[in-house]
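# Sequence unavailable; structure follows:
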Ligand code: MSK
């Protein structure tokens, strides 16, 4: 198939097949619920309804309308919209950061011998973190060091003064900017709490300072909570190295007990993956007629175990219900975040048992089996045994697994890219920076985030990435966006020859990397920050993030976490294009502030653009401006115009 032919297959065929099946069986899914709601709340979309206090809700009118433009307390549209936005940022930061806290706590328990089944898997990374955090190492056992590293990370949450430790990883110029603006994050919890306080009725009423406080909370996430999650997950479960695996619903097995793990935290999935290889449980599965036990993942939990173990990935956010409609899932386990309550209704049409495992996430209609750290292997074994027993209840006549599955290479990290680019013993980023300087690579763009029923499934991600690759832009990805591209075959080295411009092809050929690099889950966007840091350190393409020819995009975002990610990217100096706007368009001043004026303050800003070709145009123009400012050579090969 030629390139144009491939581009036409934009939405995922496996999902289309199962959506059709759900329709035929009258099983409603996210698309049906979205359609049933009809037009969504315009007032909410514009950000002009204030629910902060119970003087309201105050549903304001736009300038020129007959409705008042101030609430009962006198707060105007700019304040109302900014408070909502800042609370969204704080909520997203809280979600990632609480995840990070959970991982730090697990490391502490593991180091103290109180979390059987868990332990330090990457001692090298542990020791590097210990050195960075000032933890004494001489003559100390691994677990003694691990305990102090965990405590040092946990201390970042309640810290009251001084910058969060990993802020020191950022380029000096970024740190100076944050210092000057007073947005250097102090304790992680402190920044989230402060946003909640400032946005109370009658506290901060200046939309600019409200947004800046939100940005400080986002920075506490990106350079704090998320970074802690990523680094300590590497310590506990191993730092990923690129590996081959498979993605899409076709990874489910008709002849095996299928267990799906969904959410964000790897500790459940890791324990279940271990339990699923228990010979006794495998024998039980065989006794029931299955040929084995197949563990696969959904969303970011899936990204975590994909990149560390090569465990197949069944789908991204929009596919969670579809996986159940295959009729082949014995147990569907969830931890936290991005888990649709609608799963319960879909599962009720099949034999699938839904099992909630986190004390933070209860779902009426799901079985609850808490994966407490002190007995994780035991609980995981009970869960797998339950799934195996449930195989006996499967109605094989209702099983329909699409054949579609795609080979991927996943699991790129800052460390592994260093080795790949520079060689194992002399790691470095020189080939990438040289490729950018020479005009083979235009720049690097992080395309990340969710997928929404408001758009054609996966299409926004794919169309944007195709446009960027053709213009010699190296793409790095996380989350559901990475899965969208993986399913379409873009996470393979060969994809460079099908989709990349000639310059990017040459780099991919020389290094063996795919043109789209899978770097993990949502919290792993912190890896993109550290990768940018390596590019700055290597030299020649900018002294700070806002000078680098880099950008970010989230074509299908919907989560508060994506808002936090967007704001820490922008606050770190990175131009970020979103496929849909924040719910702030009712405030012209606030919209102008985040899409124009922020650049002057922090070096980064947002653009809202739903059309992938126009989004690519904005990004390419931005990269070219940065290249010109750095006086880099013109691009080596002429690219086709964007959108052609
Ligand atoms: S899972 S936050 S839908 S990327 Fe991380 Fe996907 Fe967005 Fe959830």
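Noted; the coordinates are in hand. Note that the structure is predicted; figures quoted are calculated from it, not measured.

# Can you list the low-confidence ranges for this protein?
Applying pLDDT under 70 to the chain picks out residues 1-10, 423-427, 640-644.

# Output the set of residues of this structure in proximity to the ligand.
Residues of the chain lying close to the ligand by Cβ under 6 Å from any ligand atom are 264, 299-300, 316-317, 338, 449-450, 479-480, 521-522, 559, 561-562. In this view, the C-beta of every residue, glycine as well, is placed from N, C-alpha and C.

# Recalculate using a threshold of 8 Å.
Contact residues, the chain versus the ligand (Cβ under 8 Å from any ligand atom): 264, 299-300, 303, 316-317, 337-338, 448-451, 478-481, 483, 521-522, 557-559, 561-562.

# from those residues, which ones fall inside helices?
Counting by DSSP state H, the part of the residues of the chain next to the ligand found in helices is 299, 300, 303, 479, 480, 481, 483, 561, 562.

# Any chance of a markdown table for those, columns neighbour count?
A markdown table is the format used below for those (neighbours: other Cβ atoms under 10 Å):
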| residue | neighbour count |
| --- | --- |
| 299 | 29 |
| 300 | 30 |
| 303 | 32 |
| 479 | 34 |
| 480 | 32 |
| 481 | 30 |
| 483 | 35 |
| 561 | 30 |
| 562 | 22 |
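
# ok, those residues vs residue 160, which is closest?
residue 561 (25.2 Å; Cβ to Cβ).

# Disregarding flanking residues, what is the spatial nearest neighbour of that closest one?
Nearest residue to residue 561 in three dimensions, chain neighbours excluded: residue 92, at 4.1 Å (Cβ to Cβ, 6 or more residues apart in numbering).

# secondary structure element for the one you found?
Secondary structure from DSSP states H and E places residue 92 in helix 77-111.

# which strands and helices sit next to whatever helix or strand comes next after that helix?
Once helix 77-111 ends, the next helix or strand along the chain (criterion: DSSP H and E) is helix 123-133. The contact analysis (3 or more Cβ pairs under 8 Å, 6 or more residues apart in numbering; DSSP states H and E) places helix 123-133 against helix 142-158, helix 226-237.

# Please identify the buried residues of stretch 366-384?
For stretch 366-384, the neighbour count (16 or more other Cβ atoms under 10 Å) marks 366, 371, 373, 375, 376, 377, 379, 380, 381, 383, 384 as buried.

# mind checking the SS state of the fourth one?
Translated: residue 375. Secondary structure for residue 375, judged by DSSP: H, G, I helix; E, B strand; the rest coil, is helix.

# Residue 207 is in contact with residue 587, correct?
Yes. Using Cβ atoms under 8 Å, residue 587 is in contact with residue 207, at 6.9 Å.

# list residues touching both of the two?
Residues touching both residue 587 and residue 207 (Cβ atoms under 8 Å, 6 or more residues apart in numbering): 78, 81, 82.

# Pull out the buried members of those residues.
Buried by 16+ other Cβ under 10 Å: 78, 81, 82, out of those.

# Residue 386 belongs to a strand, doesn't it?
No. If the criterion is three-state DSSP, then residue 386 is helix and not within a strand.

# Any idea how many residues pack against it?
By other Cβ atoms under 10 Å, 16 other residues sit near residue 386.

# can I assume it is in contact with residue 355?
Yes. With contact defined as Cβ under 8 Å, residue 386 counts as touching residue 355 (7.5 Å).

# Now for those two: what residues contact both?
Listed as contacting both residue 386 and residue 355 by Cβ under 8 Å, 6+ apart are residue 331.

# Deepest-packed of the helices and strands packed on helix 123-133, please.
The highest average neighbour count among those, using mean count of other Cβ atoms under 10 Å, belongs to helix 226-237 at a mean of 28.

# what's the following helix or strand past that one packed up against?
Per DSSP H and E, the first helix or strand lying C-terminal to helix 226-237 is strand 243-247. Here strand 243-247 touches helix 299-309, strand 313-315, strand 406-410, helix 479-487, going by 3+ Cβ pairs under 8 Å, 6+ apart.

# Looking at these, spot the one closest to residue 274.
helix 299-309 (9.8 Å).

# give the contact list for the residue most central in space within the chain.
Nearest to the geometric centre of the chain sits residue 522, at 1.9 Å (Cα atoms, centre = their mean). Residue 522 makes contact with 96, 226, 264, 300, 337, 448, 478, 479, 561, 565, according to Cβ under 8 Å, 6+ apart.

# hang on, isn't the fifth one packed against residue 264?
Right, residue 337. Yes. Between residue 337 and residue 264 there is a contact under Cβ under 8 Å: 4.5 Å.

# what sits in contact with each of these two?
Listed as contacting both residue 337 and residue 264 by Cβ under 8 Å, 6+ apart are 99, 300, 522.

# Is residue 551 in a helix, a strand, or coil?
From three-state DSSP, the assignment for residue 551 is strand.

# So what sits opposite it in the bridge?
Under DSSP bridges, the beta-bridge partners of residue 551 are residue 445.

# Give me the number of neighbouring residues for it.
26.

# centre of the chain versus the host helix or strand of residue 268, how much separation?
According to DSSP H and E, residue 268 maps onto helix 266-276. In terms of Cα atoms, centre = their mean, to the nearest Å, the centre of helix 266-276 is found 20 Å from the chain centre.

# which residues are in contact with that helix?
So helix 266-276 is contacted by 102-103, 106, 117-118, 233, 236-237, 259, 261, 281-282, 293, 295, 297, 301-302, 304-305, 308-309, 311, 333, 335, 357-358, 371, 373, 376-377, 379-381, 383-384 (Cβ under 8 Å, 6+ apart).

# wait, isn't residue 326 in contact with residue 399?
Yes. Using Cβ under 8 Å, residue 326 is in contact with residue 399, at 6.6 Å.

# Compare those two and say which one has the larger neighbour count.
Ranked by neighbour count (other Cβ under 10 Å), residue 326 and residue 399 place residue 326 first, with 24 against 16.

# so what's the spatially closest residue to that one that is not a sequence neighbour up against?
Using Cβ to Cβ, 6+ apart and skipping the chain neighbours, the partner closest in space to residue 326 is residue 401 (5.0 Å). Shown in contact with residue 401 (Cβ under 8 Å, 6+ apart): 249, 250, 252, 253, 254, 326, 328.

# Could I get the residues you listed in TSV, plus columns for distance to residue 544 and secondary structure?
Formatted as TSV, the contacts of residue 401 follow (distance: Cβ to Cβ, whole Å; DSSP: H, G, I helix; E, B strand; the rest coil):
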residue	distance to residue 544	secondary structure
249	43	helix
250	44	helix
252	46	coil
253	49	coil
254	53	coil
326	48	coil
328	50	coil
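
# now, which of those residues sits nearest residue 622?
For these, the minimum distance to residue 622 (Cβ to Cβ) is 36.2 Å, reached by residue 249.

# and the closest residue to that closest one other than its chain neighbours, how far is that from the ligand?
Leaving aside its chain neighbours, residue 249 sits nearest to residue 14 (4.3 Å; criterion: Cβ to Cβ, 6+ apart). Going from residue 14 to the ligand by Cβ to the nearest ligand atom, to the nearest Å gives 17 Å.

# Contact partners for residue 14?
Residue 14 neighbours (Cβ under 8 Å, 6+ apart): 248, 249, 250, 315, 319, 322, 402, 403, 404, 405, 487.

# And residue 223, by the same measure?
164, 166, 167, 169, 170, 185, 526, 529, 568, 572.
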